[in-house]
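S.K.: what would the 3D arrangement of this be:
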Amino acid sequence: MMRQLLGEPDLLRTNPHLRSAPRTRLYSIERVRAVERSEEFRAASAAAARRSAAARAAALRRRREVLARIAAEPIEVPRPAPDRLAALAVEHRNRLDEERALWRKGHVADPATVDSAEPRALDRWKVDYLRHRMTRYDGILAELSGRTGRAAAEELLRHRIYAAISQAYPALARECERRLRERRFGPPPG
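M.R.: So this is what the prediction gives:
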């Protein structure tokens, strides 16, 4: 609207924040006030407000559609027997640790066993294994990349996945809650 209604600036100055940026356009306050009193400004301002409201409504509609899709997505948690889940979780953890050793300089793989794992670590590995077994959800999120509501959809999906894991394996509920809490507030100090 400024270019349309005010035309050329009264003065061009070097951008005060970044010298290599385009020069700052300055307009006399009298010209600006005169334009703001014009019928042309009121019409352009009203049209801009309508466009803005329509864009907000469209974004809200798209966000609701994305969240409805995530809410309707069935969540299926694999349900191996507890001993089998522990073994699969340790295998998964060891595989990731070996991969990490290939691309992280100085990292040496340190294989674990079900018997050598401390209970809290084993719970973390079980939740990791179950979450990674649900890889189709990563594909759903990838489809939403760049779309309105993607961050909210990811949050909703994460909550639904951890709730499903907690329901299928009540002993893992504390670990699922910890992950959601840390995601929201960050890891505890110390």
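
S.K.: ok, and the closest non-adjacent residue to residue 107?
M.R.: Of all residues not flanking residue 107 in the chain, residue 101 sits nearest, at 4.9 Å (CB to CB, 6 or more residues apart in numbering). Every C-beta, even on glycine, is put in place using the N, C-alpha and C of the backbone.

S.K.: quick one: contacts for that neighbour?
M.R.: For residue 101, the contact set (CB atoms under 8 Å, 6 or more residues apart in numbering) comprises 107, 108, 109.

S.K.: now distance to residue 130 and pLDDT too, for the residues you listed, in a markdown table please.
M.R.: Formatted as a markdown table, the contacts of residue 101 follow (distance: CB to CB, whole Å; pLDDT from 0 to 100):
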| residue | distance to residue 130 | pLDDT |
| --- | --- | --- |
| 107 | 24 | 90 |
| 108 | 27 | 92 |
| 109 | 22 | 92 |
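
S.K.: one step back: and the residue nearest to residue 107, what helix or strand is that in?
M.R.: Element membership of residue 101, judged by DSSP states H and E, is helix 82-103.

S.K.: what do you get for residue 41?
M.R.: Residue 41 belongs to helix 39-72, assigned by DSSP H and E.

S.K.: mean confidence score for that helix?
M.R.: Regarding helix 39-72, the rounded mean pLDDT is 93.

S.K.: so what's the gap between that helix and the chain middle?
M.R.: Relative to the centre of its chain, helix 39-72 is centred 22 Å away, using CA atoms, centre = their mean, to the nearest Å.

S.K.: which positions within it qualify as buried?
M.R.: 41, 63, 66, 67, 69, 70 (16 or more other CB atoms under 10 Å).

S.K.: any chance of those residues in TSV, with distance to residue 171 too?
M.R.: As requested, those are exported to TSV (distance: CB to CB, whole Å):
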residue	distance to residue 171
41	66
63	35
66	33
67	30
69	31
70	27
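
S.K.: just to revisit the earlier point, ok, the residue nearest to residue 107 to residue 111 distance?
M.R.: For residue 101, the distance to residue 111 (CB to CB, to the nearest Å) stands at 11 Å.

S.K.: ok, now residue 134?
M.R.: With the distance defined as CB to CB, residue 134 ends up 25 Å from residue 111.

S.K.: give me the domain ranges for this structure.
M.R.: Annotated domains of the chain cover 2-61, 64-185 [automatic domain parsing].

S.K.: stretch 73-82: which residues count as buried?
M.R.: Neighbour-count burial for stretch 73-82 flags residue 77 (criterion: 16+ other CB under 10 Å).

S.K.: then it to CSV, C-alphas only?
M.R.: Extracted in CSV, the C-alpha atoms of stretch 73-82 (Å, rounded to 0.1, in the frame of the first residue of the first chain):
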residue,chain,number,x,y,z
GLU,A,73,-5.2,-42.1,12.2
PRO,A,74,-5.3,-45.5,13.8
ILE,A,75,-2.4,-46.1,16.2
GLU,A,76,-1.3,-49.7,16.4
VAL,A,77,1.3,-50.7,19.0
PRO,A,78,3.2,-53.9,18.4
ARG,A,79,2.6,-56.2,21.4
PRO,A,80,5.4,-58.8,21.8
ALA,A,81,5.6,-60.6,25.1
PRO,A,82,7.6,-58.6,27.7
